[in-house]
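Participant: Quick one: sequence plus predicted model below, questions after.
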Amino acid sequence: MRVREFSENGAASIETPLRVRTALAASRQPERPRQPRRWEWRHITYSIAIHSSFSSGRCMVWIPEEVSERWMPIGPRIQQHAAEIVDVAGWEPDQDNPIPAVGKRAKEILVCPSPPPYGFLIGRHRYLFKKPNVDAENPQIWSEVIAYEIGKLCGIPVPPAFLAFNSGTNEIGVLIEFFFGYHDEENERRFVHAIDRFQALNSEVDFRRGSLRSNLLLTRSHRIPNWRDWWAETLAFDALISNGDRHSENWGFLVEHAPEEVVRYRLAPAFDNGSSLGWRIRDEDLRNQLSADAVQRFISRGKHHYGWIDGDHQGAYHVELCRKYLSVYETASPTFRRVIQLDDADLERVVTWAQGFAYPARFSGYRAEFMLAVLRAKLALLRAI
């Protein structure tokens, strides 16, 4: 496999064998001590505000001693360094899940070696290695990784996602941490897609344009704590990153079987965020998408995968559906507004960090400029609600 590169201005340049590039990247990887576990981000509920600081490019969190033991294991890890692109060659396939997960993209479920190669990985934990089917889908790798970085800034539970490759097969992809099955879980959890719960209850689902109201009714029927806040966060997050793919197979429930046969349902983290941030636009076309008018046209077309009711295309536009939700659930407004408290410095830090990777699917200067323009415009629209 040969990977076409683009120079910083987005123009096509040379083609280089992936094995050569990855070997060069590996040669630059320094030995660095892992961060202590106490500095990992962890989430206890979806309504807790995250107070973060940046130190030497590493994203850390202060965890109050009185609540740290009750936090869920999912959470932002220390930030991936430009010289730490993960090589999954030699990782063992997960014996409990030999069949790839559902979805359009090629996937493998792999188990991280122990000890893990980098401090942001968890030894003996499962990861999804999601690969683009064709080169045109390469930007989805970056959308997934940057959506995770933005989720950290917003304080939203998003499965950690990292740049990866397989030096044995010459494949690139994104490595996504499983958000359940942690070794320190008090009670075993499993994940159930929303579509499975809809079908179990004989509820009809419109796959072309679903219904937020139906999603809310399903959530309430499972006695989810803080469900209003979870949907406020997820709506704000999807609108911010221009995600239009939150259909009923891209959200769901974590099911926990507690002692005395008590079954508890919680909403899972916001996973599968690759169909966002203008991933369909080719690098060579981005230079024509940077004007204020072009950015506005892109934003004006953005929709959630669902409207307020089934088939509601007009009410599915990102900002409009957020406005509708907050008009019905006013108590969720503080949570919604917490999500959009980013500033330009936060966003610029993320795209600058992304441009530092010598990765076969380069994050071009044009893509960085386009993402920044879209994110800034979306923040302004969401804050005006």
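Facilitator: Received, thanks.
Participant: give the contact list for residue 169.
Facilitator: Applying C-beta atoms under 8 Å, 6 or more residues apart in numbering, we find residue 169 in contact with residue 89. The C-beta positions use only the backbone N, C-alpha and C, and glycine is treated the same way.
Participant: Show me which residues of the helix or strand harbouring residue 174 are buried.
Facilitator: Secondary structure assignment for residue 174, by DSSP states H and E: strand 171-177. Residues 171, 172, 173, 174, 175, 176, 177 are the ones in strand 171-177 that count as buried (16 or more other C-beta atoms under 10 Å).
Participant: Can you name the element that comes right after the host helix or strand of residue 297?
Facilitator: Under the criterion DSSP H and E, the helix or strand holding residue 297 is helix 292-300. Helices and strands here follow DSSP H and E; after helix 292-300, the next one along the chain is strand 306-307.
Participant: How about residue 171: what's its closest non-neighbour residue?
Facilitator: residue 131 (5.3 Å; C-beta to C-beta, 6 or more residues apart in numbering).
Participant: Who is the one you found paired with across the strands?
Facilitator: Beta-bridge partners for residue 131, by DSSP bridges, are residue 106.
Participant: hmm, back to that, could you export the helix holding residue 297 as PDB, CA atoms only?
Facilitator: Output in PDB follows, covering the C-alpha atoms of helix 292-300 (Å, rounded to 0.1, in the frame of the first residue of the first chain):
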ATOM      1  CA  ALA A 292     -16.900  33.100   5.300                       C
ATOM      2  CA  ASP A 293     -19.600  32.300   2.800                       C
ATOM      3  CA  ALA A 294     -18.300  28.800   2.200                       C
ATOM      4  CA  VAL A 295     -18.100  28.100   5.900                       C
ATOM      5  CA  GLN A 296     -21.600  29.400   6.400                       C
ATOM      6  CA  ARG A 297     -22.900  27.200   3.600                       C
ATOM      7  CA  PHE A 298     -21.300  24.100   5.100                       C
ATOM      8  CA  ILE A 299     -22.800  24.900   8.600                       C
ATOM      9  CA  SER A 300     -26.300  25.600   7.100                       C
END
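Participant: can you list the residues that contact that helix?
Facilitator: In contact with helix 292-300 (C-beta under 8 Å, 6+ apart) are residues 242, 278, 288, 289, 317, 318, 370, 373, 374, 377, 378, 381.
Participant: what does the model give the closest residue to residue 311 other than its chain neighbours for pLDDT?
Facilitator: Once flanking residues are discounted, residue 311 sits nearest to residue 209: 5.3 Å by C-beta to C-beta, 6+ apart. Looking at residue 209, its pLDDT reads 77.
Participant: if we can go back for a sec, strands paired with the strand holding residue 174, and their directions?
Facilitator: Checking strand 171-177 against DSSP bridges gives partners strand 126-131 (antiparallel), strand 161-166 (antiparallel).
Participant: and those strands as CSV, adding distance to residue 88 and mean pLDDT?
Facilitator: Output for the strands paired with strand 171-177, formatted as CSV (distance: least, C-beta to C-beta, whole Å; pLDDT from 0 to 100):
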stretch, distance to residue 88, mean pLDDT
strand 126-131, 6, 96
strand 161-166, 5, 98
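Participant: Could you identify which of those strands is most buried?
Facilitator: strand 161-166 (a mean of 24; mean count of other C-beta atoms under 10 Å).
Participant: circling back to that earlier point, going by neighbour count, which residues of the helix holding residue 297 are buried?
Facilitator: In helix 292-300, counting by 16+ other C-beta under 10 Å, buried: 295, 298, 299.
Participant: mean confidence for stretch 360-370?
Facilitator: Computed over stretch 360-370, the average pLDDT equals 96.
Participant: Now stretch 205-223: buried residues?
Facilitator: For stretch 205-223, by 16+ other C-beta under 10 Å, it's 205-206, 209-216, 218-219, 222.
Participant: So which of the contacts of helix 292-300 is the closest to residue 341?
Facilitator: residue 378 (13.6 Å; C-beta to C-beta).
Participant: give me phi/psi at the closest residue to that closest one other than its chain neighbours?
Facilitator: Once flanking residues are discounted, residue 378 sits nearest to residue 240: 5.2 Å by C-beta to C-beta, 6+ apart. Phi and psi for residue 240, reported as degrees, to the nearest 10, are phi -60, psi -40.
Participant: From what I see, residue 240 and residue 375 are in contact.
Facilitator: Yes: Residue 240 is within contact range of residue 375, at 6.7 Å (criterion: C-beta atoms under 8 Å).
Participant: So which of the two has more stuff around it?
Facilitator: residue 240 (26 against 22; other C-beta atoms under 10 Å).
Participant: give the contact list for the more buried one.
Facilitator: 150, 154, 339, 340, 375, 378, 379, 382.
Participant: Mind listing the residues bridging to residue 126?
Facilitator: Assessed by DSSP bridges, residue 126 has beta-bridge partners residue 111.
Participant: Contacts only, for it.
Facilitator: 94, 97, 109, 110, 111, 112, 178, 181.
Participant: CSV for these, including neighbour count and pLDDT?
Facilitator: Shown next, in CSV, are the contacts of residue 126 (neighbours: other C-beta atoms under 10 Å; pLDDT from 0 to 100):
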residue, neighbour count, pLDDT
94, 16, 93
97, 16, 75
109, 19, 95
110, 21, 97
111, 18, 97
112, 22, 98
178, 21, 96
181, 17, 93
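Participant: Out of the residues you listed, which is nearest to residue 86?
Facilitator: Among the contacts of residue 126, and counting by C-beta to C-beta, the member closest to residue 86 is residue 112, at 8.9 Å.
Participant: pretty sure that closest one is touching residue 125, no?
Facilitator: Yes: applying C-beta under 8 Å, one finds residue 112 in contact with residue 125, separated by 5.4 Å.
Participant: rewinding a little: joint contacts of residue 240 and residue 375?
Facilitator: residue 150.
Participant: can you list the domains in this structure?
Facilitator: 2-182, 189-338 (automatic domain parsing).
Participant: Among the ones you listed, which comes closest to residue 344?
Facilitator: Per C-beta to C-beta, nearest to residue 344 of the domains of the chain: domain 2-182, 11.9 Å.
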